[in-house]
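S.K.: can't give you the sequence, but here's the structure:
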């Protein structure tokens with residue numbers, strides 16, 4: 001009965017989280033298109049530089065303790081309040097450091113306007129310090145429906161304010177205000193909707209015990225964040241903030257689609273896998289389910305987006321953003337592998353092996369930095385810098401699978417074989433999209449974008465009906481059971 005309850009909570013949690021991500025990111029996607037048309041790549045370049053530093057600082061603020069709360073089976077009120085107090089104090093300290101460092105960062109990038117923008121944007125560090133514990137509590141209790149409302153309201157409200165400011169000529173401040181307001185509204189709504197409130201209780205003993213797990217995640221997340229932002233740092237420093245804006249905008253499109261689905265599954269996968277970490281057979285089954293489902297959704301999206309990259313950029317962002325296309329296509333390859341890499345990583349976290357994830361990150365990022373250095377020296381091309389990120393993603397995916405195989409006996413070959421049917425169908429779909437673009441001469445960029453997308457969706461669904469890949473059959477059977485249950489109770 002308990003296993004069935006966990007399974008049901010996981011499925012319901014996935015759909016609520018998926019709804020939350022798509023609703024929020026759908027609004028954000030529309031807003032980003034509007035703002036990209038109103039603002040310049042230079043405006044986005046300033047925000048992109050700021051994001052490099054705030055992203056790294058946010059890793060320290062989160063510090064792995066939120067994941068430690070989820071992973072700890074018997075986490076109680078004292079644990080949550082201890083982490084909350086620590087996070088708030090630490091995030092305030094990080095904000096002060098960022099405030100003081102702002103003039104040096106602005107001088108280094110030769111952007112005097114960056115100083116005030118960074119100081120305001122960095123307030124998000126304090127907000128995230130609070131929000132991190134709230135999210136851990138919701139994930140721990142598998143109450144993902146709450147995320148839907150808090151995220152959607154924050155996204156819509158901040159979007160309205162951001163667009164109004166952009167139309168009014170506030171430039172980069174429209175982007176900063178939108179991002180900051182989104183975090184604030186989300187945190188306030190969670191405060192009033194969840195049944196946990198922080199107390200003044202604090203225990204150094206509890207903090208130390210959770211840090212034995214959390215500090216490894218902190219270092220692991222830090223190396224990932226530094227490595228990810230190192231690409232942006234080098235592009236912004238060696239080339240221009242405008243090239244950095246192209247890189248970030250190319251990342252944004254696949255990220256919106258892939259992370260919505262992937263994070264929806266992974267946010268449910270980690271707490272659920274933590275519940276069954278002692279049952280290896282169920283553990284492997286849940287791993288397979290989470291990975292195959294997310295790959296079934298993400299793979300055709302990434303393949304399709306690679307095929308329609310040029311008309312999509314021209315149609316949505318206009319010709320001034322055409323240099324985004326090669327970045328977008330490369331990041332699509334990276335996010336195509338994301339479900340496999342992330343599911344295996346969540347499995348290691350759920351098993352409490354943050355020590356292994358740390359060692360893997362050191363290896364992966366060490367090789368990645370070497371590749372990055374060689375790309376800069378040998379090719380001197382910002383697009384080649386992006387290629388090294390894709391190569392590192394492929395390496396990381398393989399290493400994660402190999403390590404999970406050692407701990408759970410879930411073979412790497414089994415994982416790869418389970419993905420091949422979906423990949424094959426997606427490739428055929430992609431060929432259809434390219435054929436439509438080359439066979440017909442469209443007079444409108446909108447029709448040139450929509451036509452291959454419609455054809456791609458039809459081809460993918462038809463091929464799924466013919467060849468019946470396992471995740472497709474699972475979704476159909478689940479929907480049938482859901483409809484029957486609804487009829488029974490109505």
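M.R.: Okay, I see it. Not measured: the values here are computed from a predicted model.
S.K.: so what's the residue count around residue 211?
M.R.: Residue 211 sits with 18 neighbouring residues when counted by other C-beta atoms under 10 Å. No exception for glycine: its C-beta is placed from N, CA and C like everyone else's.
S.K.: stretch 385-400 - what's its average pLDDT?
M.R.: Taken as a whole, stretch 385-400 has a mean pLDDT of 88.
S.K.: hang on, I meant stretch 334-348
M.R.: Averaged across stretch 334-348, the pLDDT comes to 83.
S.K.: before we move on, what about stretch 85-105?
M.R.: Throughout stretch 85-105, pLDDT has a mean value of 90.
S.K.: hmm, who's touching it?
M.R.: Residues outside stretch 85-105 that contact it (C-beta atoms under 8 Å, 6 or more residues apart in numbering) are 49, 53-54, 57, 60-63, 65, 114-116, 118-119, 122-123, 125-126, 128-130, 132-133, 198, 200, 202, 207.
S.K.: mind listing what's buried in it?
M.R.: Going by neighbour count (16 or more other C-beta atoms under 10 Å), the buried part of stretch 85-105 is 85-88, 90-91, 94-95, 98, 101-102, 105.
S.K.: also stretch 366-378?
M.R.: Quick answer for stretch 366-378 (16+ other C-beta under 10 Å): 367-369, 371-372, 375-376.
S.K.: return the distance of it from the chain's centre.
M.R.: Computed by C-alpha atoms, centre = their mean, to the nearest Å, the chain-centroid distance of stretch 366-378 equals 24 Å.
S.K.: which one of the buried residues of stretch 366-378 sits closest to residue 346?
M.R.: Taking C-beta to C-beta as the measure, residue 346 lies nearest residue 368 of those, at 20.7 Å.
S.K.: ok, the closest residue to the closest one other than its chain neighbours - contacts?
M.R.: Of all residues not flanking residue 368 in the chain, residue 392 sits nearest, at 3.7 Å (C-beta to C-beta, 6 or more residues apart in numbering). Going by C-beta under 8 Å, 6+ apart, residue 392 touches 227, 364-365, 367-368, 371.
S.K.: now distance to residue 211 and secondary structure too, for the residues you listed, in CSV please.
M.R.: Output for the contacts of residue 392, formatted as CSV (distance: C-beta to C-beta, whole Å; DSSP: H, G, I helix; E, B strand; the rest coil):
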residue, distance to residue 211, secondary structure
227, 23, helix
364, 23, helix
365, 22, helix
367, 28, helix
368, 27, helix
371, 32, helix
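S.K.: what segments of the stretch 1-150 of the chain are helices?
M.R.: Using DSSP state H, counting those that start in this stretch, the helices of the stretch 1-150 of the chain run over 2-38, 41-62, 65-71, 77-108, 114-121, 124-140, 145-167.
S.K.: now do the residue nearest to residue 368 against residue 405, distance only.
M.R.: Per C-beta to C-beta, to the nearest Å, residue 392 is found 21 Å from residue 405.
S.K.: circling back: give the buried residues for whatever helix or strand the residue nearest to residue 368 lives in.
M.R.: For residue 392, the host element (DSSP states H and E) is helix 382-408. Across helix 382-408, burial judged by 16+ other C-beta under 10 Å covers 382-393, 395-401, 403-405, 408.
S.K.: which of the buried residues of stretch 366-378 lies closest to residue 441?
M.R.: residue 375 (37.1 Å).
S.K.: what ranges in the stretch 101-250 of the chain fall below the confidence cut-off?
M.R.: 140-150, 212-217, 220 (pLDDT under 70).
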